[in-house]
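S.K.: Okay, sequence plus prediction incoming.
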Amino acid sequence: MKRSRLGSLDVTSIGLGSAPLGGLFTPVSDVDAQATVERAWSLGIRFFDTAPLYGFGLAERRLGAFLRQQPRDSYVISTKVGRLLRAPDGAAAEDEHYKGTPRERPVFDFSHDGVMRSVEESLERLGLDRVDVLLVHDPDDHHDDAVDGAFRALQRLRSEGTVKAIGAGMNQSEMLVRFAEAVPVDCFLLAGRYTLLDQGALDALFPVCQAKNIGILLGGIYNSGILANPHSGAKFNYQDADASLIARAIELDELCRKHGTELKAAALQFCMAHPAVTVAVMGARDAAEVSDNMAMSERAVPPAFWQELRARNLVDPRAPLPGGA
């Protein structure tokens, strides 16, 4: 598998995202979770992304159960800060997104001390003595706390050599641009904002990241599922997609079929073609999905598809296409 540099780290161009292993939308069994991580490893994936939010600790525990059996320098793992997991006083209501989770629920805390506690608790769940990448997670309504508290803690951990790379993980580009200009970060995890349906990252984020040598870990490549299977009821950005988005995704799917390829292959290869993208972080809830993700990265997408995509103005003209189409 192609490898890239993320600061001082050597990473595979495809990574495993663990939100599905935390029961995103539907529960995942321990057996399926273990088989998912084992399949990713067997296919050469050596970058793994997780967070306390994913299944409220479940994804970290499941990922760690496998990774702590592997040589520690043979993979790169990222996790996130900004949420502490705490048991509610009363009964825990079922979460809107994560199913089959432990009783704990996330509480925002972007303070310096909160971040240090978060790292310690993540390491305990993972069963590891360190992580490689730490990201401030979803500080959309907490910009100042993130800059004054969370990032201060992350810079301290990086300077001490506890972690190798720091940054933020968000579903928006605009605040990441502000962080890039205010904090000496190494990378960002951007979810859903550079896909076949949304190229908003081209406006400012990707240019500033390329200028400052900030790596992009790209998630949400299928936009929560609509670019994997466009149909009524499909998800976009974790919510039910509206009719106009479904219509656009169906148009892309029909174009793929016309050229004898698959929408998932086009969606993934489109994202990987941008030079700002360091790792494509692909979620999977079972071993078959991991295998499918890898197959889509290698599936032939004919030049004529990219040429027609460009000719029909279905993507931003600034977006580079595979093969220079």
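M.R.: Good, I have the coordinates. Residues are numbered from 1 along each chain as shown.
S.K.: so how far is residue 52 from the residue in the chain sticking out farthest from the centre?
M.R.: Distance from the C-alpha centroid of the chain, by C-alpha atoms, centre = their mean, peaks at residue 90 (32.2 Å). Separation of residue 90 from residue 52 (C-beta to C-beta, to the nearest Å): 21 Å. Any C-beta I mention is one placed from the backbone N, CA and C, and that applies to glycine too.
S.K.: which residue packs closest to residue 147, ignoring adjacent ones?
M.R.: Nearest residue to residue 147, sequence neighbours excluded (C-beta to C-beta, 6 or more residues apart in numbering): residue 182, at 6.0 Å.
S.K.: quick one, what contacts the spatially most central residue of the chain?
M.R.: Closest residue to the average C-alpha location of the chain: residue 219 at 3.2 Å, with C-alpha atoms, centre = their mean. For residue 219, the contacting residues are 17, 49, 169, 189-192, 281, 283, by C-beta atoms under 8 Å, 6 or more residues apart in numbering.
S.K.: mind listing the helices for the stretch 1-150 of the chain?
M.R.: Ranges of helices in the stretch 1-150 of the chain, per DSSP state H, counting those that start in this stretch, are 30-42, 58-67, 112-126, 143-145.
S.K.: winner for burial among those?
M.R.: Counting by mean count of other C-beta atoms under 10 Å, helix 58-67 has the highest mean neighbour count of the helices of the stretch 1-150 of the chain, with a mean of 24.
S.K.: Please enumerate residues in contact with that helix?
M.R.: Contact with helix 58-67 is made by 18-19, 21-23, 30, 33-34, 37-38, 41, 48, 50-52, 54-55, 75, 77, 79, 98, 100-102, 122, 125-128, as judged by C-beta under 8 Å, 6+ apart.
S.K.: circling back: look at the residue nearest to the centre of the chain and report its pLDDT.
M.R.: Note on residue 219: pLDDT of 98.
S.K.: Grab the nearest non-local neighbour of it.
M.R.: Spatial nearest neighbour of residue 219, excluding adjacent residues (C-beta to C-beta, 6+ apart): residue 191 at 4.0 Å.
S.K.: quick one on the thing from earlier: how close does the residue nearest to the centre of the chain get to residue 135?
M.R.: Taking C-beta to C-beta as the measure, residue 219 falls 11 Å from residue 135.
S.K.: The protein: strands as residue ranges?
M.R.: 3-6, 9-12, 14-17, 47-49, 76-81, 83-86, 105-108, 133-137, 165-170, 187-191, 215-219, 235-236, 239-240, 277-283 (DSSP state E).
S.K.: Could you point out which residue ranges in the chain have low pLDDT?
M.R.: 325 (pLDDT under 70).
S.K.: circling back: redo the contacts of residue 219 as CSV? Include distance to residue 200 and neighbour count.
M.R.: Shown next, in CSV, are the contacts of residue 219 (distance: C-beta to C-beta, whole Å; neighbours: other C-beta atoms under 10 Å):
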residue, distance to residue 200, neighbour count
17, 20, 28
49, 21, 27
169, 16, 28
189, 15, 28
190, 10, 28
191, 12, 25
192, 9, 23
281, 18, 26
283, 21, 26
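S.K.: could I get those residues as CSV with distance to residue 118?
M.R.: Shown next, in CSV, are the contacts of residue 219 (distance: C-beta to C-beta, whole Å):
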residue, distance to residue 118
17, 19
49, 16
169, 13
189, 16
190, 21
191, 19
192, 24
281, 20
283, 22
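S.K.: Return the member of the residues you listed nearest to residue 274.
M.R.: residue 190 (11.0 Å; C-beta to C-beta).
S.K.: if I read this right, that closest one contacts residue 176, doesn't it?
M.R.: Yes - Residue 190 lies in contact with residue 176 (C-beta atoms under 8 Å); the separation is 6.6 Å.
S.K.: what's the overlap in contacts for the two?
M.R.: Joint contacts of residue 190 and residue 176 (C-beta under 8 Å, 6+ apart) are 170, 205.
S.K.: Count the residues that sit near residue 84.
M.R.: 17 (other C-beta atoms under 10 Å).
S.K.: my bad, should have said residue 319
M.R.: Neighbour number of residue 319 under other C-beta under 10 Å is 18.
S.K.: Next: residue 2.
M.R.: 10.
S.K.: wait, isn't it in contact with residue 13?
M.R.: Yes - Residue 2 lies in contact with residue 13 (C-beta under 8 Å); the separation is 4.2 Å.
S.K.: Contacts only, for residue 24.
M.R.: Going by C-beta under 8 Å, 6+ apart, residue 24 touches 54-55, 97-99, 283, 285.
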